[in-house]
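**Q** kindly generate the corresponding structure for this input.
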Amino acid sequence: MPPFEDSLFATSDRPVKQRSCDCPGCMGTGDYRAPQSRDHLTDYYWFCLDHVREYNKQWDYFAGMSQDDIEAHVRKSGVWDRPSWPLGSWRLREQNIRDEVMREFFSEETAKEQSSPAMPKAERDALLILELTPPATFTAIKAQYRLLVKRHHPDANSGSPESEETFKNINQAFTVLKHIYGTDEA
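**A** Next up is the predicted model:
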């Protein structure tokens, strides 16, 4: 096999277009691209190496934006410019679904239809607050109570008013269940 010859590729029937540097008065070739503005990141200036370095030193993506605008942009970019929701909203949706299921399967009418004794509403509500489904043993209730207290304690959530309210509801529900199950354990 003959050695590779570079001369075959040196000439071409098509002319090669070379860009000139976009800096006024420069005669160099524009080999390096730089975005024209923050709003048009896919439109470019073409510069020689020296001028692209100068341009990059002066480029400020956040020029003309307030501190709040920059913060909003950074937060939006953190989720790839897609909409996001607060993490706490999933708990509300989950609670609504649990409530709906509890009403459907554990309502007084359904309990009568199944010819089993109806569960008191206070017990059902307390179990819902503790994110448990009937029937539940007191051991399971106590374990869930401890888990939720750690999660929603105001000291663990920077004194959040929502966490404080949830914490109070959890304590009240546990007190109701302790009374129903006839125990003084904590």
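**Q** distance from the longest helix along the chain to the middle of the chain?
**A** Ranked by number of residues, the top helix in the chain under DSSP state H is helix 161-181. The gap between where helix 161-181 is centred and where its chain is centred comes out at 29 Å by C-alpha atoms, centre = their mean, to the nearest Å.
**Q** show residues contacting it.
**A** Applying C-beta atoms under 8 Å, 6 or more residues apart in numbering, the set of residues contacting helix 161-181 from outside is 88, 120, 122-123, 125-127, 129-130, 138, 141, 145, 148-149, 152-154, 156-157, 184-185. All C-beta spots, glycine's among them, are computed from the backbone N, C-alpha and C.
**Q** of those, select the buried ones using a ChimeraX command.
**A** To isolate the buried members of the contacts of helix 161-181 in ChimeraX, using 16 or more other C-beta atoms under 10 Å:
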select :123,125,126,127,129,130,141,145,148,152,154
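**Q** what number of residues lie near the nearest residue to residue 153 once chain neighbours are set aside?
**A** In space, residue 153 comes closest to residue 167 once its chain neighbours are excluded; the distance is 6.0 Å by C-beta to C-beta, 6 or more residues apart in numbering. Burial measure for residue 167: 20 neighbouring residues, criterion other C-beta atoms under 10 Å.
**Q** look up how far residue 145 lies from residue 167.
**A** With distances taken as C-beta to C-beta, to the nearest Å, residue 167 is found 11 Å from residue 145.
**Q** could you pull out the buried residues of the host helix or strand of residue 90?
**A** Using DSSP states H and E, residue 90 sits within helix 89-106. Of the residues in helix 89-106, those with enough neighbours to count as buried (16+ other C-beta under 10 Å) are 102, 106.
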